[in-house]
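Colleague: next one to model:
(2 chains)
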Amino acid sequence: MSEAQPRRKLMVIILDQPALVDELLTGFLDLGVRGATVVESRGMGSIIRQDMPIFAGLASLFPENTGSRMVLSVMAESLIDRVFSLVEEIIGGLDKPNSAVCFTLPVEQFRGIRH
Amino acid sequence: MQLLISLSVVVALALVASSRSFWSLRRTAVGAVIFSGGWVAVGLGLLLSLDRLALVRSGQVSALEPLVHFALGWVGLMVGLQLRRDLPKYLPGALLRLMAMDLGLALFAGVGIWLAAGWLLDLPMGHPLRWFIAAFLGVCMIGWAAEVRSLRRQPAQDADSERLVRATSGLSSVFALLLYGMLFFLFDTPAGAAVGADAARSMGTVIAPQRILFGLSISILIAAAAGWLCHWLMRLAGRNEGHFLVVLLGVVALIAGAAEAMGEPPLLVGMLCGAVLVNLPGDPVVRLKRVLLEAEQPMAMAIMLVAGLMADPVLPGMAWAVVGGVILLRIAIKWKLIGDRIARTAPAGESALFHLAPLRQHPLAMAMAVGMVITHPIDHAAVTGRELLMMVIAIGLVCDLVILLGKWRGATATEQDSGGLVG
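Modeller: Numbering: from 1, shown residues only, chains lettered A, B, ... in the order given. Sure, this is the predicted structure:
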């Protein structure tokens, strides 16, 4: 029988400004979030636009630098509200276009520690 | 009232062009050809300016000139922002050969048009307008549309040929804009233009080679100043989206305004400014690029609408002969020769479709033609600027119709990988 685990959630943050990732990770450390994975991501609009260029045909040649990063982190449920506030503070408001999207998902099971 | 109508249509079209449902329409083959080519907007523009409807008269479109300059500056900036320092290492190997062939074709077409213009438009050998028409239509021949989704059977499958088509299209547009700029410096309006514009316009153009160096230097200076200013202001704006947007709009307005005031083409100045900006360090450039590219479709629609509004739909028979000749050249050389090289790198089952890719006219040709009508008005008995614009529209439209026909034939016929769709 495994010992009872604290309730955890998967926090997904999609940042449209990659320069803010550093600040976000620093904030994570201050809040006690112990780890996160950062993935380069592309939004649907960017893919569609690049798929059908009109004037900017060379854009598809470059290695992707869409300005979008996805930050994934499994964290204790108690931290979620503070992380949302942190993201709001860094972005300066989640209601603005091209800022960030964040949401949580329940974590059924969690195994493995990478630190 | 008429200005209000045209302005409302521009804004409405731009809004429609940026909507999600519009994007889903564009993802169909026919939708991609129609909307990437801007034919809905061009058609609407032509319809609005029809004499019978008289909703908008072409003379009144000149009131929209500042907005058109702005849109042209925006497009130039988009093209220039691709000119990263490290661009050469991402270019496919076969690209330079294709580009050389394409530029050779443009030159060949220019010579052909020059010869034809003398006979068909009755312009004497040394007439600057004859040289101008040949050079301008030759520049419009450079490159092809970057959009290939409409041609493909399996758009999701990665293909070298797709990269090749897009890359050559992108780099060609840079060359085309450079040559277009030089064209405007080379063909100056006569000295009397400022005093008696009407008399000067009826004379056509004069060749002023000494202006090339001067004009290019001025364009580079404006572009460099606007680029550095934009970079500095964007850093000051920081993360504030509102400030960022104000800086962006301000810089595009500055490019367009300065270009207009100094008699430079806004497309060229915008491109040079983009080239300066993209090679300056910092995160703001990534944001700038994203915002500019997000507005690509609405800007294209606005320019195409203006093209429709400004074009003279009633072309004389001789002008149609020039149009026919250019289309035949495109089919004979772009489709057959260049298309063949592109088709060699195409995935199995799609080579005949990729054959068609270079046939399409680059949408930039339409933007250049609009810029020409606005910044370099020609009102000669042989041909007017508005007629030249209509010729560019007609060439693009017929080529796109050939593409659709070719795609349809490709879908119904059994494909032969070694050859084209014809035969």
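Colleague: which residues of the stretch 251-400 of chain B lie near chain A?
Modeller: Applying C-beta under 8 Å from any C-beta of the partner chain, we find that the stretch 251-400 of chain B lies next to chain A at B:283, B:286-287, B:290-291, B:293-294, B:296-297, B:300, B:363-364, B:367. All C-beta atoms are positioned from the backbone trio N, CA, C, and that covers glycine.
Colleague: of these, which belong to helices?
Modeller: B:283, B:286, B:287, B:290, B:291, B:293, B:294, B:296, B:297, B:300, B:364, B:367 (DSSP state H).
Colleague: what residues are up against residue B:240?
Modeller: residue A:92 (C-beta atoms under 8 Å, 6 or more residues apart in numbering or on different chains).
Colleague: if we use 10 Å, what do you get?
Modeller: A:92, A:96, B:246, B:247 (C-beta atoms under 10 Å, 6 or more residues apart in numbering or on different chains).
Colleague: filter the residues of the stretch 251-400 of chain B next to chain A to the buried ones?
Modeller: B:286, B:287, B:290, B:293, B:294, B:296, B:297, B:300, B:363, B:364, B:367 (16 or more other C-beta atoms under 10 Å in any protein chain shown).
Colleague: okay if I get the ones in helices among the residues of the stretch 251-400 of chain B next to chain A as JSON lines plus pLDDT?
Modeller: Output for these, formatted as JSON lines (pLDDT from 0 to 100):
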{"residue": "B:283", "pLDDT": "68"}
{"residue": "B:286", "pLDDT": "76"}
{"residue": "B:287", "pLDDT": "77"}
{"residue": "B:290", "pLDDT": "78"}
{"residue": "B:291", "pLDDT": "81"}
{"residue": "B:293", "pLDDT": "80"}
{"residue": "B:294", "pLDDT": "79"}
{"residue": "B:296", "pLDDT": "84"}
{"residue": "B:297", "pLDDT": "83"}
{"residue": "B:300", "pLDDT": "88"}
{"residue": "B:364", "pLDDT": "93"}
{"residue": "B:367", "pLDDT": "94"}
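Colleague: contacts only, for residue B:255.
Modeller: B:69-70, B:72-74, B:76-77, B:222-223, B:225-227, B:230, B:264, B:266-267, B:269-274.
Colleague: now it: which helix or strand?
Modeller: Take DSSP states H and E as the rule and residue B:255 turns out to sit in helix B:241-262.
Colleague: whichever residue of the stretch 301-423 of chain B sits closest to chain A: what's its closest spatial neighbour, skipping adjacent residues?
Modeller: Residue nearest to chain A within the stretch 301-423 of chain B: residue B:363 (5.3 Å; C-beta to the nearest C-beta). Leaving aside its chain neighbours, residue B:363 sits nearest to residue A:54 (5.3 Å; criterion: C-beta to C-beta, 6 or more residues apart in numbering or on different chains).
Colleague: quick one: name whatever helix or strand follows the one helix or strand residue B:76 maps to.
Modeller: If you go by DSSP H and E, residue B:76 is part of helix B:65-80. Downstream of helix B:65-80, the next assigned helix or strand under DSSP H and E is helix B:95-120.
Colleague: list the buried residues of the lowest-mean-pLDDT helix or strand in chain A.
Modeller: Least confident element among the helices and strands of chain A, by mean pLDDT, DSSP states H and E: helix A:44-51 (a mean of 75). Buried residues in helix A:44-51, counted by 16+ other C-beta under 10 Å: A:46, A:48, A:49, A:50, A:51.
Colleague: so is it next to chain B?
Modeller: Yes - part of helix A:44-51 sits near chain B under the criterion C-beta under 10 Å from any C-beta of the partner chain, namely A:44, A:45, A:46, A:48, A:49, A:50, A:51.
Colleague: show me where the chain has strands.
Modeller: Using chain A. Using DSSP state E, the strands of chain A run over A:8-15, A:37-41, A:68-76, A:100-106.
Colleague: my bad, the chain I had in mind was chain B
Modeller: With DSSP E as the criterion, chain B has strands at B:187-188, B:206-207.
Colleague: measure the residue nearest to residue B:363 to residue B:147 for me?
Modeller: 7 Å (C-beta to C-beta, to the nearest Å).
Colleague: how about the nearest residue to whatever residue of the stretch 1-150 of chain B ends up closest to chain A, chain neighbours excluded?
Modeller: Here the stretch 1-150 of chain B gets closest to chain A at one residue, residue B:146, 3.0 Å apart by C-beta to the nearest C-beta. Using C-beta to C-beta, 6+ apart and skipping residues adjacent in sequence, the residue nearest residue B:146 is residue A:57, 3.0 Å away.
Colleague: that neighbour: how many residues sit nearby?
Modeller: By the measure other C-beta atoms under 10 Å in any protein chain shown, the count of residues near residue A:57 is 30.
Colleague: that one reaches residue B:168, doesn't it?
Modeller: Yes - the pair residue A:57 / residue B:168 is scored as a contact, 8.0 Å apart, by C-beta atoms under 10 Å.
Colleague: got any residues that touch both of those two?
Modeller: With C-beta under 10 Å, 6+ apart as the test, residue A:57 and residue B:168 both reach B:143, B:144, B:146.
Colleague: once you drop chain neighbours, what's closest to the most centrally placed residue in chain B?
Modeller: Central residue of chain B (C-alpha atoms, centre = their mean): residue B:364, 1.2 Å from the mean position. Nearest residue to residue B:364, sequence neighbours excluded (C-beta to C-beta, 6+ apart): residue B:173, at 4.9 Å.
Colleague: repeat for residue B:284
Modeller: Going by C-beta to C-beta, 6+ apart, residue B:284 has residue B:234 as its nearest residue, at 3.6 Å.
Colleague: in this structure that neighbour contacts residue B:241, no?
Modeller: No - in terms of C-beta under 10 Å, residue B:234 does not count as a neighbour of residue B:241; the distance is 11.7 Å.
Colleague: now do the shared contacts for the two.
Modeller: residue B:287.
Colleague: which one of these two is surrounded by more residues?
Modeller: With neighbours defined as other C-beta under 10 Å, residue B:234 and residue B:241 compare such that residue B:234 has more, 22 against 18.
Colleague: write out the residues of chain A neighbouring chain B.
Modeller: A:16-20, A:43-46, A:48-63, A:65-68, A:90-93, A:96-99.
Colleague: can you rerun that using 8 Å?
Modeller: A:17-20, A:45-46, A:48-49, A:51-62, A:65-67, A:91-92, A:96-99.
Colleague: what sits closest to residue A:50 if chain neighbours are left out?
Modeller: In space, residue A:50 is closest to residue A:60, 5.1 Å off (C-beta to C-beta, 6+ apart).
Colleague: and for residue B:382?
Modeller: residue B:121 (4.3 Å).
Colleague: tell me who's in contact with the residue nearest to residue A:50.
Modeller: Here residue A:60 is in contact with A:50, A:53, B:163, B:166 (C-beta under 8 Å, 6+ apart).
Colleague: around residue B:124, how many other residues sit close by?
Modeller: Residue B:124, neighbours per other C-beta under 10 Å, totals 8.
Colleague: next up, the contacts around it.
Modeller: Contacts of residue B:124 by C-beta under 8 Å, 6+ apart are B:118, B:130.
Colleague: give me the below-cutoff pLDDT ranges for the chain.
Modeller: In the absence of a named chain, this looks at chain A. A:1-5, A:63-67, A:113-115 (pLDDT under 70).
Colleague: actually, chain B is the one I wanted.
Modeller: In chain B (pLDDT under 70), the answer is B:1-3, B:6, B:17-18, B:20, B:52-60, B:155-158, B:188-206, B:283, B:410-423.
Colleague: all set now, cheers.
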